[in-house]
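Colleague: Coordinates for the following, if possible.
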Amino acid sequence: MSDVTLLSAVFNAAVWLACGTAVGWSYARRDWQGLRQEGMLTRLRPWESRLLYERWLGVRRWKDRLPEAGTWFGGVSKRHLPSFLDGGRARFAAESLRAERVHFLLLAVIPLTMAWSRGWWVIINLVFGVAVNLPCIIVARYNRIRLTRMSRVDANS
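Modeller: Residues are numbered from 1 along each chain as shown. Predicted structure coming up:
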């Protein structure tokens with residue numbers, strides 16, 4: 001491995017680590033109740049359904065294999081619903097929306113790395129950014145769809 005290649009690898013890894021830490025830390029500091037409002041990018045679309053996520057994307061088979069970083073900076077794990085005292089389903093939905101926003105924001109690191117990356121490093125950063133963040137976005141959206149369905153069932157009961 002040449003010195004330039006090694007330097008590129010170290011620099012890109014440092015940028016991904018620094019950005020991931022900064023974004024995760026800053027979003028963990030936000031009050032969960034202020035994160036409950038969907039935005040243009042995070043709004044669930046009418047065509048999104050459990051069928052899409054479960055059958056086409058197979059999310060139930062692989063979602064539990066993803067690391068849970070929600071607790072790293074004082075947030076709440078999304079492996080289980082928080083207790084009623086901790087906000088229950090509303091808290092879980094907000095934490096899922098928080099995770100989705102974090103990972104969408106981290107996708108913006110891809111064009112940032114393209115400012116100095118050349119050749120294969122452009123492709124490596126693109127593949128890395130998508131491979132690390134897209135599955136987390138998919139799981140967060142899937143969880144929110146499941147919660148929306150639960151809420152509708154509860155309302156009709």
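Colleague: helices or strands up against the one helix or strand R144 maps to?
Modeller: Secondary structure from DSSP states H and E places R144 in helix 120-156. If you count contacts as 3 or more CB pairs under 8 Å, 6 or more residues apart in numbering; DSSP states H and E, helix 120-156 packs onto helix 3-28, helix 50-51, helix 59-62, helix 88-107, helix 109-113. Backbone N, C-alpha and C define where each C-beta goes, glycine included.
Colleague: Out of these, indicate the one that is most buried.
Modeller: With neighbours defined by mean count of other CB atoms under 10 Å, none of the helices and strands packed on helix 120-156 is more surrounded on average than helix 88-107, at a mean of 20.
Colleague: Quick one: residues in contact with that helix.
Modeller: Here helix 88-107 makes contact (CB atoms under 8 Å, 6 or more residues apart in numbering) with 19-20, 23-24, 27, 30, 32-33, 35-36, 38-39, 41-42, 70, 75-76, 78, 81-82, 87, 129-130, 132-134, 136-137, 139-141, 143-144, 147, 150-151.
Colleague: repeat for stretch 121-130
Modeller: With CB under 8 Å, 6+ apart, stretch 121-130 has contacts from 8, 12, 16, 106-107, 109-110, 113-114, 117.
Colleague: let's see it at 6 Å
Modeller: Contact with stretch 121-130 is made by 8, 107, 109-110, 113-114, 117, as judged by CB atoms under 6 Å, 6 or more residues apart in numbering.
Colleague: In JSON lines: the residues you listed, plus distance to D64 and pLDDT.
Modeller: Putting the contacts of stretch 121-130 into JSON lines (distance: CB to CB, whole Å; pLDDT from 0 to 100) gives the following:
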{"residue": "S8", "distance to D64": "34", "pLDDT": "87"}
{"residue": "L107", "distance to D64": "23", "pLDDT": "97"}
{"residue": "V109", "distance to D64": "26", "pLDDT": "97"}
{"residue": "I110", "distance to D64": "26", "pLDDT": "97"}
{"residue": "T113", "distance to D64": "30", "pLDDT": "94"}
{"residue": "M114", "distance to D64": "33", "pLDDT": "92"}
{"residue": "S117", "distance to D64": "33", "pLDDT": "89"}
